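Asks: Sharing a model that was predicted from the sequence below.
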Amino acid sequence: MEINWNKVETKWREKWIERKDFEANPNDKPKKFITVAYPYPNSPQHIGHGRTYTLADVHARFYRMQGYNVLFPMAFHYTGTPILGMAKRVEAEDKELIENLKNLYGVPEESIKEFAEPVKIADYFHEEIKDGMIEMGYSIDWRREFTTIDPVYSKFIEWQINTLREKNLIIQGSHPVGWCPKDQNPVSQHDTLGDVEPDFTEYILIKFQFDEYIIPTATLRPETIFGVTNLWVNPEITYKKITVEDDNEKWIVSKECAYKLEFLDKKITYDGEINGSELIGKSVTVPHRNESIVMLPASFVKSGTGTGMVMSVPAHAPFDYQALEDIKKSPELGPKLASKIDQISPISIIETEGYGDISAKEAVEKFEVADQNDPKLEEATKEVYGKEFYGGKLKKNTEKFAGIKVAYAKDTIKDWLVENRNASILLELTNTPVRCRCGAECVVKVLNNQWFLNYGDKDWKESATKCFDSMNILPQEIKSEFNYVIGWLRERACARQHGLGTKLPWDKDWIVESLSDSVIYMAYYTISKFVNNNTIPAAENLSKEFFDYIFLNRGDANKVSEITKMSTDNINEIKEEFEYFYPVDSRHSGRDLVPNHLTFFVLNHVAIFPEKSWPREIVVNGSVLMNGSKMSKSMGNIIPLRKAIQDYGADPIRLAIIISAELLQDADFNMESVAGIQNKLESLYQQCSTLKKEEKIDELEAEDRWILSKTQSMVSQVTSAIEKMRLREALHDILFAFESDLSWYSKRVKAKNRDNIVGMLHQINSTRVAMLSPFAPHIAEEMWERLGHAGLVSTSTWPKFSQKEIDSTAIQSEELLKSMIEDIANILKVTKITPQKITLYTADSFKSKVYHSILEKVMSGQTNMGSVMKELIANPQTSDVKKIPDFVQKTIKDILSEPTEIRQTKLESKEFDEKDFLANELVELGRKEFDVDIQVFAESDSDIYDPKGKAKHARPFKPAILIE
């Protein structure tokens, strides 16, 4: 039955809005406060964005059906520079951007003309994203909507930032940050193309003396200064001669390095240039050692890395060792330079177990490296560095550092070199190139007199760790990533000088940075309703006292009333709203926000709020791929969410996103899966359309008891899976795994020619549709209506699991029946027999007694054959088992081959009569399946028909089979 998805979805969305089903106000119910990262409105959302929001909506809808008063709000993050950069590109008539706006995002030309004004961009995509969220069926309380440039929100951010400063958690100082040289702003993940978080590395610049100049080389291993034998210089590079005024020194570096130094709090003047070829063969002096070493040519040296010159430590660096070996074979060397190279010998300075003196040489030989272009050099380098770092110690020729473990030598030797003016520091972006959204390539900049959140504060980290330890993190394996972030986190710029946002209260030249104004905004959702309905008056009347009273329970309502011109009743109503809904019960976001937003969310909560208001759960999901590839404009695989909804329907899109992966995995989305899900939902809808509620069956038959038990098992499994946010598993159980149970049930009732199961199917599918509702809310409402239920399924009660309604004997008996049909079919397939007669033999009562005794022992952890046998023989009731030792061994194997839940059902169904059940239930089914009569005997029957002696092989739940 084909479904008009847009018609069905529009019908139910309008009904939800009309009924105000998702507007949450404090009441007597227990609450759940679910939040998800608010979107940045600089483009429409695509299918990839839909994952995080859909997961959060499923969570909210599930809790609502469980009887919770669920608050699930939404807002829009205008703050920051991306929209500003986009507006500048529109103003400059950037062809690529304008083409994307028109063709990819479908923005009308008249709207694009207004995009030179940043707020116009935000407002346009704000409405576009909101419309998409409504069309996706998200159960959002839209009364609480706000933007981060709203006046009252700015007052809230002022309060937040002032509170942190009062606690000495905001400091002023000089710290390195990712920086856009064009926008003149610090950049973080949301400011960069591809949402890349700038990450930087500290290099130590070792200073070698060359005439009146310093030649600095960048290294991560300052301890290797004692093993330097030469420098590598690229003869093709034109180097810059510069004066570093702060150090009062003249340096020779690549032009890229000179550019980077300008941002690192160094005053640079340019004095001229020198070609790398002019440096080849010249000597430099090694700091501290006062020894001369030669500069040699190397094409592998890159001008954009470090200083464009590299120091060579051939004893411990496989690349350097191999480069020296290669250069010795070069026919272009003159005799003078060749003579100098011949005099170079590796200097061993690290003693490492498993290596001789020249570890680099041994690694090169071990990996059979051919030349310096051999990719195996990477493996050799990784092995040497790893073993030396963790297991090496410095030799006597490192003078006063002899005996220090390499792992601890770096900082000690770095400080010694810097103190003696033999080294300086260079900071470089590790994950280059990082580009600002304006298009400029970012650098590392040391900001002076900048405002920083002091995330390195020890006490602050301890409080955050305490919160993380008490929280539920889903999935659990992501928890270690938060611990890692807390470990390395240091100062972070919290203000910038350009972009949209709130002015820094004590320094109006600065604007609160976009990640710093989005960490406790969840609290604002509890008051935004009162802003939007004008209960909270103009922003200028809101003071510290107001926010302290609402959020921290400090101060006096009368005083707050006096300041804000609000009644004490209104003030206390707002306060009660916060206290009812807070803390956040579950925070949803993507994995890419673990190193920043999600960790800052916890840090700022523990700094500002009392422990009772700390967040309780974080749910982290992976990203979405399109046909196995990351979504990007260049790949042409970005599908705007609203376009997908229009073409395929919201519910199929929701389910395709959910069923493609579990929480932390990257979901691989494809349109074929959407079509398959459409078909599945249409089939279920057709089933529901044919069912009606009827009187219950007076006398339940075996298959009825089984399908009701399986339905209860499904309720238990699905509920547990959603609680753990294993939504793929839950959805698979509802849509697919249970379908096989229904198919078996259908086969059973057809074999008996039953026509009284409509009411049973109505009951079962009602449960199924109710559990489908959080996942596919629109079509679930339509199915619910077709089933004849009053009210909406989204506001109905979540199916309750009842252990009493699980009939273990029914489950076990039906499993036995299925296995017998399968075993007979397999025998016929292998033997290719056309059966004339089938006979089954069930085990006698003694074997059943022994079986259950063995089962009890296995379930208690006893699986040793000898021990089990000994205990059975010691028991007078089972002592005769010594006559059939082979039976015990096979029975233990039978039991261990089955899942624990199957063992449990067998344990609970001791009184099960195999012969009676099979004789009553298998005969008709077998005749339908194999077109032959089936006889059933117990092994001990006096009138047994057993011409082949098969009966003695019968075991409990493993009847012997004779096919003639």
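Replies: Okay, I see it.
Asks: any idea which helix or strand of the chain has the worst average confidence?
Replies: Between all helices and strands in the chain, the lowest mean by mean pLDDT, DSSP states H and E belongs to strand 629-630, at a mean of 68.
Asks: can you count the residues close to Met311?
Replies: Counted with other C-beta atoms under 10 Å, the neighbours of Met311 add up to 26. Any C-beta I mention is one placed from the backbone N, CA and C, and that applies to glycine too.
Asks: dump the residue contacts of the residue lying closest to it once chain neighbours are set aside.
Replies: Distance criterion C-beta to C-beta, 6 or more residues apart in numbering; nearest residue to Met311, sequence neighbours excluded, is Thr217 at 4.3 Å. By C-beta atoms under 8 Å, 6 or more residues apart in numbering, the contact set of Thr217 is Leu205, Ile206, Phe208, Leu231, Gly306, Thr307, Met309, Val310, Met311.
Asks: For the residues you listed, could you give me JSON lines that also reports pLDDT?
Replies: JSON lines is the format used below for those (pLDDT from 0 to 100):
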{"residue": "Leu205", "pLDDT": "95"}
{"residue": "Ile206", "pLDDT": "96"}
{"residue": "Phe208", "pLDDT": "96"}
{"residue": "Leu231", "pLDDT": "97"}
{"residue": "Gly306", "pLDDT": "93"}
{"residue": "Thr307", "pLDDT": "95"}
{"residue": "Met309", "pLDDT": "96"}
{"residue": "Val310", "pLDDT": "95"}
{"residue": "Met311", "pLDDT": "95"}
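Asks: Including secondary structure and distance to Ile134, could those residues go into JSON lines?
Replies: Formatted as JSON lines, the contacts of Thr217 follow (DSSP: H, G, I helix; E, B strand; the rest coil; distance: C-beta to C-beta, whole Å):
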{"residue": "Leu205", "secondary structure": "strand", "distance to Ile134": "56"}
{"residue": "Ile206", "secondary structure": "strand", "distance to Ile134": "61"}
{"residue": "Phe208", "secondary structure": "strand", "distance to Ile134": "65"}
{"residue": "Leu231", "secondary structure": "strand", "distance to Ile134": "64"}
{"residue": "Gly306", "secondary structure": "coil", "distance to Ile134": "52"}
{"residue": "Thr307", "secondary structure": "coil", "distance to Ile134": "55"}
{"residue": "Met309", "secondary structure": "strand", "distance to Ile134": "59"}
{"residue": "Val310", "secondary structure": "strand", "distance to Ile134": "58"}
{"residue": "Met311", "secondary structure": "strand", "distance to Ile134": "61"}
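Asks: Surely Val284 is in a strand?
Replies: Yes: when classified by DSSP: H, G, I helix; E, B strand; the rest coil, Val284 is found to be part of a strand.
Asks: burial count for the residue lying closest to it once chain neighbours are set aside?
Replies: Nearest residue to Val284, sequence neighbours excluded (C-beta to C-beta, 6+ apart): Phe208, at 4.0 Å. Residues near Phe208, counting by other C-beta under 10 Å, number 24.
Asks: Ok, His77 next?
Replies: 26.
Asks: I'd like to know how far it sits from Asn42.
Replies: Applying C-beta to C-beta, to the nearest Å, the value for His77 to Asn42 is 10 Å.
Asks: so where do the helices sit in the stretch 151-300 of the chain?
Replies: 151-166, 255-261 (DSSP state H, counting those that start in this stretch).
Asks: Nearest to Val936 among those helices would be which one?
Replies: Closest to Val936 of the helices of the stretch 151-300 of the chain is helix 151-166 (C-beta to C-beta; 75.3 Å).
Asks: The closest one - what's its average pLDDT?
Replies: For helix 151-166, the mean per-residue pLDDT is 97.
Asks: Next: stretch 480-490.
Replies: Here the average pLDDT along stretch 480-490 is 90.
Asks: Next, the buried residues of it.
Replies: Glu481, Phe482, Val485, Ile486, Leu489 (16 or more other C-beta atoms under 10 Å).
Asks: Need the max-distance pair from the residues you listed.
Replies: Glu481 and Leu489, at 12.2 Å, using C-beta to C-beta across the buried residues of stretch 480-490.
Asks: For the longest helix that the chain contains, give me every contacting residue.
Replies: Counting residues, the longest helix found in the chain (DSSP state H) is helix 808-831. For helix 808-831, contacts defined as C-beta under 8 Å, 6+ apart pick out 702-703, 705-706, 709-710, 713, 744, 833, 835, 838, 840, 902, 904-906, 908-909, 911-912, 914, 917-918, 921-922, 925-926, 929-930, 957, 959, 961, 963.
Asks: Put the buried members of those into a PyMOL selection.
Replies: The buried residues among the contacts of helix 808-831 can be selected in PyMOL (16+ other C-beta under 10 Å) with this line:
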select buried, resi 702+703+705+706+709+710+713+744+835+838+840+904+905+906+909+912+914+917+918+921+922+925+926+929+930+957+959+961+963
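Asks: picking that back up, next one: the residue nearest to Met311 from Pro318, what distance?
Replies: 18 Å.
Asks: residue ranges with poor pLDDT in this protein?
Replies: 1, 627-629, 631-637, 910 (pLDDT under 70).
Asks: Show me the strands in the stretch 151-300 of the chain, by range?
Replies: For the stretch 151-300 of the chain, applying DSSP state E, counting those that start in this stretch gives strands covering 170-180, 185-186, 200-210, 213-219, 230-233, 238-244, 249-253, 268-275, 283-286, 291-297.
Asks: Show me the one of those strands that comes nearest Ala360.
Replies: strand 230-233 (14.0 Å).
Asks: how far out from the middle of the chain is that closest one?
Replies: Distance, stretch centre to chain centre, for strand 230-233: 44 Å (C-alpha atoms, centre = their mean, to the nearest Å).
Asks: so what strands line up beside it?
Replies: strand 291-297 (parallel), strand 309-312 (antiparallel) (DSSP bridges).
Asks: just these: most buried one?
Replies: Burial of the strands paired with strand 230-233 is given as mean neighbour count (mean count of other C-beta atoms under 10 Å); strand 309-312 ranks first at a mean of 26.
Asks: Using CSV, write out every CA atom in the one helix or strand Tyr63 maps to.
Replies: Assigned by DSSP states H and E, Tyr63 belongs to helix 47-65. The C-alpha coordinates for helix 47-65 follow below in CSV (Å, rounded to 0.1, in the frame of the first residue of the first chain):
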residue,chain,number,x,y,z
ILE,A,47,21.2,14.8,6.0
GLY,A,48,24.4,14.5,8.0
HIS,A,49,23.1,17.1,10.5
GLY,A,50,19.9,15.2,10.8
ARG,A,51,21.5,12.4,12.8
THR,A,52,22.3,14.1,16.1
TYR,A,53,18.9,15.9,16.2
THR,A,54,17.0,12.7,15.3
LEU,A,55,18.7,10.7,18.0
ALA,A,56,17.9,13.4,20.5
ASP,A,57,14.2,13.4,19.4
VAL,A,58,13.9,9.7,19.7
HIS,A,59,15.3,10.0,23.2
ALA,A,60,12.8,12.7,24.1
ARG,A,61,9.8,10.9,22.6
PHE,A,62,10.7,7.7,24.3
TYR,A,63,10.9,9.4,27.8
ARG,A,64,7.6,11.2,27.1
MET,A,65,5.8,7.9,26.4
